[in-house]
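In: Give me a 3D structure for the following:
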Amino acid sequence: MKRYTGVWTKTATTILVSAVAICAVAEVVGAEDWPRFRGPNGAGISDVAFDAPITESSFAWRITLPGQGHSSPVVRGDRIYLTTAEPETAKRIVLCLSAKDGSEVWRREFESKTFRQHADNSYASSTPAVDDVGVYVSWSTPESLGLHAFDLDGKDLWQKDLGVYKSQHGSGASPMVVDDLVILTDDQEGPHSEVVAFDHKTGQQRWRIDRRSSDKAEMSTPCLFHPKDLPPQLILSSKGTGVTAVDPKTGTIIWQVPDACVARTVGSAAVTDDLVIQACGDGTTVREMTAIRPYPASNAGASVSKPQVAYHISKISPYVPTPVIKDGMMFMWADNGVVTCVKAETGETIWRERVGGEFYGSPVCAGETLWAMSRKGKLVGISAGPQFKLVGELDLGEPTQATPAIANGRMYLRTQSHLICVKPPSSK
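Out: Residues are numbered from 1 along each chain as shown. Down below sits the predicted model:
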């Protein structure tokens, strides 16, 4: 196995010593909101327990969406935001729906044009982000990667064109909000890859990082790592640049493992109190995962890091789905329907079982149960514990590549052209 080396930057010392602590949650939102891809900080975890089998009688409502797409819903208060598109014309549609009954509150439509992308992709694959100021969505054409901001009533706030977007697969990375910044990665095959942060109210660029492009566009959406006694760090992942931690206020690099990703990154990083774990893959053969300890025991709590690789997992790690970490266990829901539970600290396998099907959507944890949707539209629930247990299965009747959202006691399931609301577990 190739050895991985860590790199740290001297400028990180000054940055971290003088930094003002950032709020521990990435989004300034209500505790029960689901404001971005995979919920708060992208962890995919909700305290609301959906621990019993879900059936059609569990549905509060099911609505037909205009167009189709693979993006996941986000929720703030009593409103749901999601994107969709017409496959014949590539018209992009941003929807705001009532969480009460799925009725349409507002919609925005944007003419576009069709273009070649991967057969498994769609024209609406990037999940929105939402905060108390607005809702932020991204989509691409070969000529442009766009980031659009609307207020919560659907009026334009600002729009950014990040320039030509070169990708044989299309785009899919989702924006995220950190305090007053909207952050979007642009890791593509073209001559310029970058990560850019904009003021959420004005769209003014606050910082920008140049990135090294690789042979395939990357889809990984960032998250925050919260090292003990230090401010949060924004985690960026790509084959071209590796795994990098930056100050989310300034974009200044804090530490980096430049060769941590031997293939492209599609799923996002998973984090613990002292580990950053990133999977990568390619085609049907390459599956690699690297766990990085940014602050080893020898310099734990230090303001400057020389990160070390804690362990590797090969062949059984997921490529597209992002893992869930709960109670010291990491649940890796692989694309081929094999779920592996390992000790997050060491990578030691606890159990491995096949649930069947193929998966692009990521699992989420609701109480003590993991829920994920297969590409053919089968909702699968398994116990998030040290022993494998199948909780339930339900055919949703339509393909999907989305990830469930859980907010205010309800679960939202997006299929190709429908949105389903699952009632709170206590409801009759």
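
In: what ranges do the strands span in the stretch 201-350 of the chain?
Out: Residue ranges of the strands in the stretch 201-350 of the chain, as given by DSSP state E, counting those that start in this stretch, are 205-211, 223-225, 233-238, 242-246, 253-257, 270-271, 276-282, 286-293, 308-314, 324-326, 329-333, 338-343, 349-354.

In: Packing partners of the longest one?
Out: What it means is strand 286-293. Applying 3 or more C-beta pairs under 8 Å, 6 or more residues apart in numbering; DSSP states H and E, one finds that strand 286-293 makes contact with strand 276-282, strand 308-314. (Glycine included, C-beta is placed from N, CA and C.)

In: Can you list the strands that the last one pairs with?
Out: The reference is to strand 308-314. strand 286-293 (antiparallel) (DSSP bridges).

In: gap between the two ends of stretch 283-296?
Out: One end of stretch 283-296 sits 33 Å from the other (C-alpha to C-alpha, to the nearest Å).

In: Likewise for stretch 334-345?
Out: Note: stretch 334-345 ends 19 Å apart using C-alpha to C-alpha.

In: before we move on, what about stretch 69-85?
Out: End to end - C-alpha to C-alpha - stretch 69-85 spans 6 Å.

In: Now tabulate the strands of the stretch 201-350 of the chain in JSON lines and tack on distance to Ile382, mean neighbour count and mean pLDDT.
Out: As requested, the strands of the stretch 201-350 of the chain are exported to JSON lines (distance: least, C-beta to C-beta, whole Å; neighbours: other C-beta atoms under 10 Å; pLDDT from 0 to 100):
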{"stretch": "strand 205-211", "distance to Ile382": "36", "mean neighbour count": "15", "mean pLDDT": "97"}
{"stretch": "strand 223-225", "distance to Ile382": "23", "mean neighbour count": "24", "mean pLDDT": "98"}
{"stretch": "strand 233-238", "distance to Ile382": "26", "mean neighbour count": "27", "mean pLDDT": "97"}
{"stretch": "strand 242-246", "distance to Ile382": "28", "mean neighbour count": "26", "mean pLDDT": "97"}
{"stretch": "strand 253-257", "distance to Ile382": "32", "mean neighbour count": "23", "mean pLDDT": "96"}
{"stretch": "strand 270-271", "distance to Ile382": "18", "mean neighbour count": "25", "mean pLDDT": "98"}
{"stretch": "strand 276-282", "distance to Ile382": "19", "mean neighbour count": "25", "mean pLDDT": "96"}
{"stretch": "strand 286-293", "distance to Ile382": "20", "mean neighbour count": "23", "mean pLDDT": "97"}
{"stretch": "strand 308-314", "distance to Ile382": "19", "mean neighbour count": "17", "mean pLDDT": "96"}
{"stretch": "strand 324-326", "distance to Ile382": "11", "mean neighbour count": "19", "mean pLDDT": "98"}
{"stretch": "strand 329-333", "distance to Ile382": "8", "mean neighbour count": "24", "mean pLDDT": "98"}
{"stretch": "strand 338-343", "distance to Ile382": "6", "mean neighbour count": "20", "mean pLDDT": "98"}
{"stretch": "strand 349-354", "distance to Ile382": "8", "mean neighbour count": "14", "mean pLDDT": "98"}
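
In: how about the ones you listed in JSON lines, adding distance to Glu368?
Out: Below are the strands of the stretch 201-350 of the chain laid out as JSON lines (distance: least, C-beta to C-beta, whole Å):
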{"stretch": "strand 205-211", "distance to Glu368": "39"}
{"stretch": "strand 223-225", "distance to Glu368": "23"}
{"stretch": "strand 233-238", "distance to Glu368": "27"}
{"stretch": "strand 242-246", "distance to Glu368": "30"}
{"stretch": "strand 253-257", "distance to Glu368": "33"}
{"stretch": "strand 270-271", "distance to Glu368": "19"}
{"stretch": "strand 276-282", "distance to Glu368": "22"}
{"stretch": "strand 286-293", "distance to Glu368": "24"}
{"stretch": "strand 308-314", "distance to Glu368": "24"}
{"stretch": "strand 324-326", "distance to Glu368": "9"}
{"stretch": "strand 329-333", "distance to Glu368": "12"}
{"stretch": "strand 338-343", "distance to Glu368": "13"}
{"stretch": "strand 349-354", "distance to Glu368": "15"}
